[in-house]
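> my questions concern the predicted model and sequence given below.
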There are 2 protein chains.
Amino acid sequence: METGRYIAVLVILSLVPKSLSKSIIQISSENHRSAASDPISDGRRSRNAEDLYCDSWRFSVEINDAGTWRQIPARCQEYVKEYMTGDRFWSDSDVAAGCALAFANTVEVTGNGKDAWIFDIDETLLSNVPYYAAHGFGSETFDENSFDEWVDTAEAPALPASLKLYKEVQQMGFTIFLLTGRDESQRNATVKNLLFAGYRNWERLILRGPSDLGKPAIVYKSEKRKELEDEGYTIHGSSGDQWSDLSGFSTASRSFKLPNPMYYIA
Amino acid sequence: METGRYIAVLVILSLVPKSLSKSIIQISSENHRSAASDPISDGRRSRNAEDLYCDSWRFSVEINDAGTWRQIPARCQEYVKEYMTGDRFWSDSDVAAGCALAFANTVEVTGNGKDAWIFDIDETLLSNVPYYAAHGFGSETFDENSFDEWVDTAEAPALPASLKLYKEVQQMGFTIFLLTGRDESQRNATVKNLLFAGYRNWERLILRGPSDLGKPAIVYKSEKRKELEDEGYTIHGSSGDQWSDLSGFSTASRSFKLPNPMYYIA
């Protein structure tokens, strides 16, 4: 282990660009010297090069710098598994929900029922981690048939941070819309699963109808938000794990991205 | 140290929500059991609760869930220092620049000089880490006077990943615009600093003129992009460390957010 840590420190050192000003070099090299002299003293410094890369890859996909991507890099499979099943995913989800709640608290809810909050479903209200745990956490090619079978079980658990936020914004008087890329044929299973997971009293569950099939999610979801606006709703907040839940047109006043390094939907 | 690690593991365990389905509980508890039995075997598992929180805080600000924020949380001061001066900032910057380059390679540059790429300056082309290292890495209230003095020294180093990207997109034939929140009175120092850092042959350096003072960055930068569009430029790519560099109207076809957990500009 000790040798492994020293090698990791050396690999990390080799990644530091050389073309920096003296002042930055100074800061960095001081940092590395102390790491080299006591590599076990700090968990962060002993992270290996794979973790460093996969952390940066995750940054690039969460922030949408990566744009469209199909599968997680093979070298990050273990990293994503640890991220999704350990503390970090819960912590990131909690902080995201906390940001949403802080904003919700600033909204003056009118009481006319027209103050809307939109939630996506998969990886937002419901967690499909049990499914993805059995399918490589996004490292396997997406298999629609087996995923549809999972949806039919209606056993996806709530994402706890979202369930808490859902109840809180509901309590505040927001009208809740659920806007999902799932299609109408999955309505019954979806309702059953939402109830199983603890969600109640949404205003409307919007799924893809026949005319929505084949549309990119960002277009379909924008069109549905536009329809809500046309009905007189003010969309204050929107929660989703994909940028295509949150971008496009008729966007919410504030959008809240939940973590999802397992897959990307355009 | 050992005791500290066990305490950290216990604190982390206490953060895991209890209201999960059996399947997730199973995955998580297996993960935690192995962590508890050998806490030193994996650097990630020995991260303490502060790191976990600060990692999630950084996620929330980079992804813009946090919206406007003024200062980094006091408890994350050491975390931000380590992030900015260690390997992670360079790694995140490199991956962001790699995403930008991959996109640039897909653009058919026309050769008429109208294919534009926009770069922000502070924390994009130039790094002010030497300044912020002396001012708490964003934990102190921003002091415009001392920052302006730093700008006048014209000694900010290049952010290496951005200098490389700049040269690459220039080589591909993109016309480069620099769009900064600095104001016209800082033009000479800015040009001197850019040359010092290795930047050459930009098409135009756009600073805030008298009519731009006081405008939110997102408005000022959108207006300037609109002017470029009106001149016939196609803005393919835009690189910046702030969402206000990249959002608003007349946005680029693709925008690339660079990491910056030190400060936020609306």
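On my side now, so go ahead.

> please count neighbours and contacts with C-alpha atoms only from this point.
Noted.

> quick one, helices of chain A?
A:2-15, A:22-37, A:49-62, A:77-85, A:87-104, A:129-133, A:144-153, A:160-172, A:187-197, A:217-230, A:243-246 (DSSP state H).

> for those, which one sits closest to residue B:264?
Closest approach to residue B:264 among the helices of chain A is made by helix A:87-104 (15.4 Å; CA to CA).

> want to throw the helices of chain A into TSV with mean neighbour count?
Output for the helices of chain A, formatted as TSV (neighbours: other CA atoms under 10 Å in any protein chain shown):
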stretch	mean neighbour count
helix A:2-15	15
helix A:22-37	16
helix A:49-62	21
helix A:77-85	20
helix A:87-104	21
helix A:129-133	19
helix A:144-153	13
helix A:160-172	19
helix A:187-197	17
helix A:217-230	18
helix A:243-246	23
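
> could those go into TSV alongside mean pLDDT and distance to residue B:242?
Below are the helices of chain A laid out as TSV (pLDDT from 0 to 100; distance: least, CA to CA, whole Å):
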stretch	mean pLDDT	distance to residue B:242
helix A:2-15	32	25
helix A:22-37	32	22
helix A:49-62	96	15
helix A:77-85	96	26
helix A:87-104	98	18
helix A:129-133	97	32
helix A:144-153	97	37
helix A:160-172	98	27
helix A:187-197	98	37
helix A:217-230	98	23
helix A:243-246	98	17
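
> could you dump those helices into TSV with distance to residue B:59 added?
As requested, these are exported to TSV (distance: least, CA to CA, whole Å):
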stretch	distance to residue B:59
helix A:2-15	22
helix A:22-37	23
helix A:49-62	8
helix A:77-85	13
helix A:87-104	7
helix A:129-133	20
helix A:144-153	28
helix A:160-172	16
helix A:187-197	26
helix A:217-230	23
helix A:243-246	15
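
> got a list of what residue A:248 touches?
A:218-219, A:222 (CA atoms under 8 Å, 6 or more residues apart in numbering or on different chains).

> now, among those residues, which is nearest to residue B:64?
Closest approach to residue B:64 among these (CA to CA): residue A:218, at 18.7 Å.

> partner residues bridging residue A:234?
In this entry, residue A:234 is beta-bridged to residue A:115, by DSSP bridges.

> check contacts around it.
A:114-116, A:228.

> which of these ranks first by neighbour count?
Within these, most neighbours by other CA atoms under 10 Å in any protein chain shown means residue A:116, with 25 neighbours.

> contact partners for it?
Residue A:116 sits in contact with A:174-177, A:233-237, where contact means CA under 8 Å, 6+ apart.

> residue A:95 now?
The contact partners of residue A:95, taken as CA under 8 Å, 6+ apart, are B:56-57, B:60.

> just the contacts of residue A:248 now: which is nearest chain B?
For those, the residue nearest chain B by CA to the nearest CA is residue A:218; the value is 15.3 Å.

> got the domain ranges for chain A?
Listed domain ranges for chain A are A:2-47, A:74-257 (source: automatic domain parsing).

> end to end, how far does the longest one reach?
End-to-end distance of domain A:74-257: 25 Å, with CA to CA, to the nearest Å as the criterion.

> residues near residue A:73, how many?
That count, for residue A:73 with other CA under 10 Å as the rule, works out to 13.

> that one against residue A:139, yeah?
Yes: the pair residue A:73 and residue A:139 passes the contact test of CA atoms under 8 Å, sitting 7.1 Å apart.

> who is residue A:208 paired with across the strands?
residue A:183.

> what's the neighbour count on it?
22.

> surely it touches residue A:178?
No: between residue A:208 and residue A:178 there is no contact under CA under 8 Å: 11.7 Å.

> what's the overlap in contacts for these two?
The contact lists of residue A:208 and residue A:178 share no entry, where a contact means CA under 8 Å, 6+ apart.

> can you tell me, leaving aside adjacent residues, what's nearest to residue A:255?
Of all residues beyond its chain neighbours, the one nearest residue A:255 is residue A:238 (4.8 Å), with distances taken as CA to CA, 6 or more residues apart in numbering or on different chains.

> how near is the closest residue to residue A:91 other than its chain neighbours to residue A:70?
Among residues not flanking residue A:91 along the chain, residue B:56 sits closest, at 6.1 Å (CA to CA, 6+ apart). Distance of residue B:56 to residue A:70, computed by CA to CA: 25 Å.

> residue of the stretch 101-250 of chain A nearest chain B, please.
residue A:157 (5.3 Å).

> what are the phi and psi angles of that residue?
phi -80, psi 160 (degrees, to the nearest 10).

> give me the number of residues near it?
24.

> I figured it hits residue A:197, correct?
Yes: proximity of residue A:157 to residue A:197 meets the contact threshold set by CA under 8 Å, at 5.4 Å.

> what residues are shared contacts of these two?
Residues touching both residue A:157 and residue A:197 (CA under 8 Å, 6+ apart): residue A:126.

> is it correct that residue A:127 is in contact with residue A:156?
Yes: look at residue A:127 against residue A:156 with CA under 8 Å: they come within range, at 5.8 Å.

> which of those two has more residues huddled nearby?
residue A:156 (27 against 22).

> for that one, give me its contacts.
By CA under 8 Å, 6+ apart, the neighbours of residue A:156 are A:126-128, A:130, A:193, A:197, B:21.

> now the residues you listed as a markdown table including distance to residue B:243?
As requested, the contacts of residue A:156 are arranged in a markdown table below (distance: CA to CA, whole Å):
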| residue | distance to residue B:243 |
| --- | --- |
| A:126 | 29 |
| A:127 | 28 |
| A:128 | 30 |
| A:130 | 34 |
| A:193 | 36 |
| A:197 | 35 |
| B:21 | 37 |
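
> lovely, talk soon.
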